[in-house]
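Asker: here is my input, please return the structure:
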Amino acid sequence: MRSAAIEGPVLGLEASCDETAAALLAPDGRILAEAVRSQLAEHTPFGGVVPEIAARAHLAHLPALATEVMARAGVSPDQLGGIAATAGPGLIGGLIVGSSFGKGMAIAHGLPFVAVNHLEGHALTARLPLLQETGLVEGGVEFPYLLLLLSGGHCQCVAVEGLGRYRRLGSTLDDAVGEAFDKSAKLMGLPWPGGPALEKLAQAGDPRRFPLPRPMLGRPGCDFSFSGLKTAVAHSIPKLQTEQDRADLAAAFQHVVAAVLADRARNA
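Answerer: Residues are numbered from 1 along each chain as shown. Here you go, the predicted model:
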């Protein structure tokens, strides 16, 4: 939706996975208020995100979050210019909750509703202007630019050429990088969510201790592959005797991932 068509703030709703979020954005891109409700407590006992639990949590918390951000910004529903909600990709239950709630509000208050593509939302975040702490570049990044998209099960290099104009230059052939982090962390006995736990452990490790493979490094193209790296981590597990051993393996894994991401992005 182009800013020229917006009159008044837009209420944005996100319920595509395991976090419930709402934000109020001014037509110029300023974030007037935002709130995020994590579901870590609900999913931790199961060692991963349970789609049905996530959908029920979104249903329980989204109305209150929407009310909260509008109250904090001092904006009433009749002052809104529109409502936007994530419509995909994501967990189908959460997407239904978020989009249905957004559509209901839009119908009730006679507002336009925009179904947002999750990945396009990531792609256009770089366009947010540098106002307060909400943006990256003064005035927002100009088209075209390169997007390294690392979100959940997605791992892509995308040329962002304009609004609605995207060219995928490369993607993962197997696991996404986030999956590789979580699965490798689980192999190392770290708690869920594994990515942050592995990153924290790696801070005390020596990345040169374990000679892990660097999949796709130096090859032509912009595709990714992480399944072989995950297998190498599994084969290294029997060698772990101390906490320092685990920290070294975590550091080696993280170092290799960073090197591969940089190589693929450089090609793109």
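Asker: what is the burial count for residue 16?
Answerer: Other residues near residue 16 number 27, with proximity taken as other CB atoms under 10 Å. Every residue, glycine included, has its C-beta placed from N, CA and C.
Asker: contacting residues for it?
Answerer: Counting by CB atoms under 8 Å, 6 or more residues apart in numbering, residue 16 makes contact with 86, 88, 89, 90, 91, 94, 95, 98, 118.
Asker: tell me the contacts of the fourth one?
Answerer: Read that as residue 90. Taking CB under 8 Å, 6+ apart, we find residue 90 in contact with 15, 16, 17, 118.
Asker: farthest-apart pair in the residues you listed, please.
Answerer: 15 and 118 (10.5 Å; CB to CB).
Asker: which residues are in contact with each of the two?
Answerer: Listed contacts common to residue 15 and residue 118 are 86, 90; contacts here mean CB under 8 Å, 6+ apart.
Asker: residue 123 and residue 65, how far apart?
Answerer: For residue 123, the distance to residue 65 equals 24 Å [CB to CB, to the nearest Å].
Asker: apologies, that question was intended for residue 171.
Answerer: Following CB to CB, the distance that separates residue 171 from residue 65 is 32 Å.
Asker: same deal with residue 120?
Answerer: Applying CB to CB, one obtains 22 Å for the distance of residue 120 from residue 65.
Asker: so for those two, which residue has more residues nearby?
Answerer: When residue 120 and residue 65 are compared on other CB under 10 Å, the one with more neighbours turns out to be residue 65, at 21 against 14.
Asker: tell me where the stretch 151-268 of the chain has strands.
Answerer: Read by DSSP state E, counting those that start in this stretch, the stretch 151-268 of the chain holds these strands, from start to end of the chain: 154-162, 165-171.
Asker: export the ones you listed as CSV, with columns for mean pLDDT and mean neighbour count.
Answerer: What follows is the strands of the stretch 151-268 of the chain, written out as CSV (pLDDT from 0 to 100; neighbours: other CB atoms under 10 Å):
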stretch, mean pLDDT, mean neighbour count
strand 154-162, 95, 19
strand 165-171, 96, 15
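Asker: save those strands as a markdown table, and put in distance to residue 25 too.
Answerer: As requested, the strands of the stretch 151-268 of the chain are exported to a markdown table (distance: least, CB to CB, whole Å):
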| stretch | distance to residue 25 |
| --- | --- |
| strand 154-162 | 19 |
| strand 165-171 | 21 |
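Asker: chain center to the longest helix along the chain: distance?
Answerer: Scanning the chain for the longest helix, with DSSP state H as the assignment, gives helix 243-267. Between the mean C-alpha point of helix 243-267 and the mean C-alpha point of its chain there is a distance of 20 Å (CA atoms, centre = their mean, to the nearest Å).
Asker: which strands and helices sit next to that helix?
Answerer: In terms of contacts (3 or more CB pairs under 8 Å, 6 or more residues apart in numbering; DSSP states H and E), helix 243-267 is packed against strand 145-151, strand 154-162, helix 177-187, helix 194-202, helix 227-236.
Asker: elements contacting the helix or strand residue 54 falls within?
Answerer: Taking DSSP states H and E as the criterion, residue 54 maps to helix 51-73. Identification of packing neighbours for helix 51-73 by 3+ CB pairs under 8 Å, 6+ apart yields strand 10-14, strand 19-25, strand 31-38, helix 40-43, helix 92-109.
Asker: got those as JSON lines, with mean pLDDT and distance to residue 260 columns?
Answerer: Converted to JSON lines, those look like this (pLDDT from 0 to 100; distance: least, CB to CB, whole Å):
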{"stretch": "strand 10-14", "mean pLDDT": "97", "distance to residue 260": "29"}
{"stretch": "strand 19-25", "mean pLDDT": "96", "distance to residue 260": "27"}
{"stretch": "strand 31-38", "mean pLDDT": "94", "distance to residue 260": "29"}
{"stretch": "helix 40-43", "mean pLDDT": "93", "distance to residue 260": "28"}
{"stretch": "helix 92-109", "mean pLDDT": "97", "distance to residue 260": "30"}
